[in-house]
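Novice: Quick one, what's the 3D model for this:
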Amino acid sequence: MTQALVSILDDEPAIRTMLADALEEAGFRTMSFGRATEFEAALKTHTPDVCLVDLSLPDKDGLTLVHRLALEQGATVIIISGRAQVQDRVTGLELGADDYVTKPFDPAEVVARIRARLRRDRPVAQTGNCARFNGWTACFDSYTLMDETGEQTPFSHAEGEVLRLFLERPKRLVSRAVMQETLGGAAGESFDRAMDVRISRLRTKLREDPKNPRLIKTVYGAGYIFLGDVDWS
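Specialist: Predicted coordinates for the structure are as follows:
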């Protein structure tokens, strides 16, 4: 089995070395970069499974980069940052990051979080990677939604996690507790807000009426129900 590739983007050489050593000892392949421009150039020839991204970069805004990665790459995106404010965490998750680790950290914790994310990202054994529902096709290999005319709309890795959760549980209540347990992350206001943002974006991409959505229904005080008929392939 090919070892997962982790790209590390941090302007501190000591951080890059510490993470690379811990990850390679744990069996991962790594690539390390000190500047966003070098990191982005490498993406043209390499497709990492996980991107570790520092927010304080010398040449580009880290949050903008995280947002682009979430939209265009299939990789898991984990922010590593010295910014410990709750709002920074919320913003990072809203922009598409899958996890947020604050400095200083134990590299063993980062390794454990990466392993946990990759386990969650594996397809369920009995489920394919494309699902058809109500005139839509969601493909989780390419991170795209396709309508009946063939028009494609990309969705982020974070949005895909939520969509897949709904499509695997059609016409069943998905509570906030189930979402937190399945998708990971600390329960609380920041998690709830991140989920609300992802669901709002999914509704927009599915061309739902925000005041009366047909597919993703909110059950106030309980969670959500996906009302479509789903066929996996």
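Novice: List the contacts of the helix of greatest length in the chain.
Specialist: Secondary structure of the chain per DSSP state H: the longest helix is helix 189-205. Surrounding helix 189-205, the residues in contact under the criterion Cβ atoms under 8 Å, 6 or more residues apart in numbering are 86, 89-90, 93-94, 145, 153, 155-156, 158-159, 161-163, 176, 179-180, 185, 210, 213, 215-216, 224. (Glycine included, C-beta is placed from N, CA and C.)
Novice: In it, which of the residues would be classed as buried?
Specialist: Neighbour-count burial for helix 189-205, counted by 16 or more other Cβ atoms under 10 Å, picks out 190-191, 194-195, 197-199, 201-203, 205.
Novice: SS state for Glu208?
Specialist: Recorded secondary structure, Glu208: coil (DSSP: H, G, I helix; E, B strand; the rest coil).
Novice: Now do the strands in the chain.
Specialist: Using DSSP state E, the strands found in the chain span residues 5-9, 29-33, 50-54, 76-81, 99-102, 130-133, 136-139, 144-146, 152-154, 173-175, 216-219, 223-226, 230-232.
Novice: Take those strands and write them to CSV, including mean neighbour count.
Specialist: Shown next, in CSV, are those (neighbours: other Cβ atoms under 10 Å):
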stretch, mean neighbour count
strand 5-9, 24
strand 29-33, 19
strand 50-54, 25
strand 76-81, 24
strand 99-102, 19
strand 130-133, 19
strand 136-139, 20
strand 144-146, 18
strand 152-154, 13
strand 173-175, 16
strand 216-219, 14
strand 223-226, 19
strand 230-232, 15
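Novice: Reformat these into CSV and put mean pLDDT next to each item.
Specialist: Shown next, in CSV, are the strands of the chain (pLDDT from 0 to 100):
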stretch, mean pLDDT
strand 5-9, 94
strand 29-33, 96
strand 50-54, 94
strand 76-81, 89
strand 99-102, 89
strand 130-133, 94
strand 136-139, 95
strand 144-146, 93
strand 152-154, 91
strand 173-175, 89
strand 216-219, 90
strand 223-226, 91
strand 230-232, 90
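Novice: want to throw these into CSV with distance to Leu63?
Specialist: Output for these, formatted as CSV (distance: least, Cβ to Cβ, whole Å):
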stretch, distance to Leu63
strand 5-9, 13
strand 29-33, 17
strand 50-54, 9
strand 76-81, 9
strand 99-102, 11
strand 130-133, 31
strand 136-139, 27
strand 144-146, 24
strand 152-154, 19
strand 173-175, 29
strand 216-219, 27
strand 223-226, 27
strand 230-232, 34
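Novice: ok so, going back, give me the distance from the longest helix of the chain to the chain's centre.
Specialist: 12 Å (Cα atoms, centre = their mean, to the nearest Å).
Novice: Please apply the same query to stretch 24-38.
Specialist: 19 Å.
Novice: measure it end to end?
Specialist: Chord length of stretch 24-38, first to last residue, is 21 Å (Cα to Cα, to the nearest Å).
Novice: again with stretch 212-221
Specialist: Using Cα to Cα, first and last residues of stretch 212-221 are 17 Å apart.
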